[in-house]
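S.K.: here is my input; please provide its structure:
(2 chains)
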Amino acid sequence: MTDRFNLYKYAAPATFYPLAGKLIPWFAAASVIFGLAGLYLGMLVAPTDFQQGEGYRIIFIHVPASWMSMFIYLVMAFWAAIGLAFNTRLSGMMAQALAPTGALMAFLSLWTGALWGKPMWGAWWVWDARLTSELILLFLYIGYMALTAAIDDPRRADKAGGLLLLVGVVNVPIIYFSVKWWNTLHQGSTVNLTKSSMATTMLYGMLLMALCFWMYSIAVAFMRVRTIMLERERHTDWVKAELEGDAR
Amino acid sequence: MLKIILAVVGRDLKLAMRRQADIVSALFFFVIVVSLFPLGIGPEADLLRKLAPGVLWVAALLATMLSLPRLFADDHRDGTLEQLALAPHPLGLVVTGKVIAHWLVSGLPLALIAPVLGIQFDLSNDALLVLTGAILLGTPALSSIGAIGAALTLGLRGGGVLLSLLVLPLYIPVLIFGAGAVDATVSGLGGEGHLSLLAAMTLASLGFAPWASAAALKIALE
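M.R.: This next block holds a predicted model:
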């Protein structure tokens, strides 16, 4: 029962604010440690790929960024569902705090993909199914941020944004498969990533980088959610006490 | 249930008929956008035939976007929407009626004029038939998915631009299979598979989207 009690307790901004503040340095430190270890493995230890040479090393950024961009959308949809079902304040704030990081990850994934594609395929951009769906995911993030930014009332912004996220999450698989089918119908797949079994060091490097991106995303989302909390709850006593404490 | 939907459809159609200029201007927007493409690309028939499905579909998407903000805005402004939300009938059914009425005044005219524009692009008779069928089957999905966006952006600053930002990514599957049906017919593969998927999408979105729109309207009316 104590566990349940704790969950409810931290659903209130006044109690979550200091908790997030305490957790941020830990997640940030973990991100740096995992990042350094991942980069060391990826850039120095992992063997050179016999087909792609050194250029393949961008996957240590590219793949974790793509994973995060998709995962963060799911997490946002999860918070949106919680927020709509239980009418909690914190979940909407979490969704809004995660959105810029998700969009950044989607953009990073596209950008590093383009940098990788130029030497490997000879083109910055091809209309591959995965590239196209990543681009659409970026559009969905931008749509969500534009909608929540356009609504002045934060409660309505949370709910409308949440509904959009749920509609989006239902549509993402449909979009993905239609794009995939469109691509195979239009042209033979120009991209044939014959991924032979990866060297284990490469895999570990990638997993470490993924952990680094996870920790980074959590730390940044917590920072952002703290500022959102302060802004929205600026009329309450706990924010006043908090800000006075800072000034001292 | 059917009575409620029919009553809303009848009312919305009557209102639309009193402002026919709106319908006609969206239709001419479609015609003009489609006619601009050959001017920009050049008159080679082979190229135009290849581009026709995509151009017609993208123009149809944009023309639908144009009429979406009006779906709820007028009723919202004069308070009718609140009365509809207060009524004992489920709001989802009311929205279904409004979506059907929207399709009758926006999607159906597009489908009727599309073959004429297809001739400009030198499409064969088979392709014209499939094009009309695809637009007939696909535009109800556009109206019902668009209704979610229209409800979410109700009463917001810059609602129209925001609406297209929200809704156009969700239109991508309809665009792919709508244009794909015509493409497949032109290349001799047969567009039946595409048309079936298009019909499936329309049925699914007509069934589910109005309830999502109703939820969005309730958020907007709070």
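
S.K.: chain B contacts on chain A?
M.R.: By Cβ under 8 Å from any Cβ of the partner chain, the residues of chain A that approach chain B are A:136, A:139-140, A:142-143, A:146-147, A:150-151, A:155-156, A:159-160, A:163-164, A:166-168, A:170-171, A:174-175, A:178-179, A:181-182, A:185. For the C-beta atoms, the positions are set from N, CA and C on the backbone; glycine is no exception.

S.K.: just the buried residues of those.
M.R.: Those of the residues of chain A next to chain B that meet the buried threshold are A:136, A:139-140, A:142-143, A:146-147, A:150-151, A:156, A:159-160, A:163-164, A:166-168, A:171, A:174-175, A:178-179, A:181-182, by 16 or more other Cβ atoms under 10 Å in any protein chain shown.

S.K.: regarding chain B, what is its longest helix?
M.R.: helix B:192-221 (DSSP state H).

S.K.: output the contacting helices and strands for it.
M.R.: Where contact means 3 or more Cβ pairs under 8 Å, 6 or more residues apart in numbering or on different chains; DSSP states H and E, helix B:192-221 is packed against helix A:154-186, helix B:80-86, helix B:91-102, helix B:125-152, helix B:172-186.

S.K.: least reliable of those going by mean pLDDT?
M.R.: Of all those, helix A:154-186 carries the lowest average pLDDT, namely a mean of 84.

S.K.: what's downstream of that helix, the next helix or strand?
M.R.: Next in sequence after helix A:154-186, counting helices and strands by DSSP states H and E, comes helix A:200-232.

S.K.: so what does A:Gly53 look like in phi/psi?
M.R.: Here is the backbone geometry of A:Gly53 (degrees, to the nearest 10): phi 70, psi -150.

S.K.: residues contacting it?
M.R.: With contacts defined as Cβ atoms under 8 Å, 6 or more residues apart in numbering or on different chains, A:Gly53 has no neighbours.

S.K.: gap between it and chain B?
M.R.: For A:Gly53, the distance to chain B (Cβ to the nearest Cβ, to the nearest Å) stands at 35 Å.

S.K.: following element in sequence after the helix or strand bottoming out on mean pLDDT in chain A, please.
M.R.: Ranked by mean pLDDT, DSSP states H and E, the weakest helix or strand in chain A is helix A:2-9, scoring a mean of 59. Using DSSP H and E, the helix or strand that follows helix A:2-9 towards the C-terminus is helix A:13-39.

S.K.: next one: that next one to chain centre, how far?
M.R.: Relative to the mean C-alpha coordinate of its chain, helix A:13-39 is positioned 15 Å out (Cα atoms, centre = their mean, to the nearest Å).

S.K.: please name every helix or strand in contact with it.
M.R.: helix A:89-121, helix A:200-232, helix A:237-247.

S.K.: taking helix A:200-232 as reference, get the angle to that helix.
M.R.: Put simply, helix A:13-39 runs at 160 degrees to helix A:200-232, going by axes from the mean of the first three to the mean of the last three Cα atoms, to 10 degrees.

S.K.: and helix A:13-39, what's its mean pLDDT?
M.R.: 89.

S.K.: list the buried ones in that helix?
M.R.: Quick answer for helix A:13-39 (16+ other Cβ under 10 Å): A:13-14, A:16-17, A:20, A:24, A:27-28, A:30-31, A:34-35, A:37-39.

S.K.: which pair in the residues you listed spans the largest distance?
M.R.: In those, two members sit farther apart than any others by Cβ to Cβ. They are A:Ala14 and A:Leu39, at 38.7 Å.

S.K.: low-confidence stretches in chain A?
M.R.: A:1-8, A:49-51, A:184-199, A:246-248 (pLDDT under 70).

S.K.: ok, 90 please
M.R.: Low-confidence regions of chain A, defined by pLDDT under 90, span residues A:1-23, A:38-63, A:66-67, A:84-92, A:113-134, A:151-156, A:170-207, A:229-248.

S.K.: coming back round to it: ok, so of the buried residues of helix A:13-39, who is nearest B:Gly159?
M.R.: Set against B:Gly159, the nearest of these by Cβ to Cβ is A:Pro13 (30.1 Å).

S.K.: quick check: closest non-adjacent residue to the closest one.
M.R.: Nearest non-adjacent residue to A:Pro13, counting by Cβ to Cβ, 6 or more residues apart in numbering or on different chains: A:Met229, 4.5 Å away.

S.K.: and that neighbour, how many residues sit next to it?
M.R.: 23 (other Cβ atoms under 10 Å in any protein chain shown).

S.K.: residues in contact with residue 106?
M.R.: I went with chain A, as the question did not name one. If you count contacts by Cβ under 8 Å, 6+ apart, then A:Ala106 has A:Ala65, A:Ser69, A:Glu134, A:Leu137, A:Leu138, A:Tyr141 around it.

S.K.: oops, wrong one, chain B.
M.R.: B:Ile23, B:Ala26, B:Ala63, B:Thr64, B:Ser67, B:Thr139, B:Ser143.

S.K.: would you write a ChimeraX line that selects the buried entries of these?
M.R.: Those of these that count as buried under 16+ other Cβ under 10 Å are selected in ChimeraX with:
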select /B:23,26,63,64,67,139,143
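
S.K.: between the contacts of B:Ser106, which is nearest chain A?
M.R.: Of all these, the one sitting nearest chain A is B:Ser143; the distance, using Cβ to the nearest Cβ, is 15.2 Å.

S.K.: surely that closest one touches B:Met65?
M.R.: No - using Cβ atoms under 8 Å, B:Ser143 is not in contact with B:Met65; the gap is 10.9 Å.

S.K.: do you know how far the closest residue to A:Ala12 other than its chain neighbours is from chain B?
M.R.: Distances taken as Cβ to Cβ, 6+ apart place A:Leu90 nearest to A:Ala12, at 7.3 Å, with adjacent residues excluded. Applying Cβ to the nearest Cβ, the value for A:Leu90 to chain B is 18 Å.

S.K.: repeat for A:Leu44
M.R.: 40 Å.

S.K.: what comes up buried for stretch B:118-135?
M.R.: Within stretch B:118-135, the residues that count as buried by 16+ other Cβ under 10 Å are B:118, B:121-123, B:127-135.

S.K.: closest to chain A out of those residues?
M.R.: Chain A lies nearest to B:Ala134 out of the buried residues of stretch B:118-135, by Cβ to the nearest Cβ, at 14.2 Å.

S.K.: OK, contacts around that closest one?
M.R.: Taking Cβ under 8 Å, 6+ apart, we find B:Ala134 in contact with B:Trp57, B:Phe177, B:Gly178, B:Ala179, B:Ala181, B:Val182, B:Gly191, B:His194, B:Leu195, B:Leu198.
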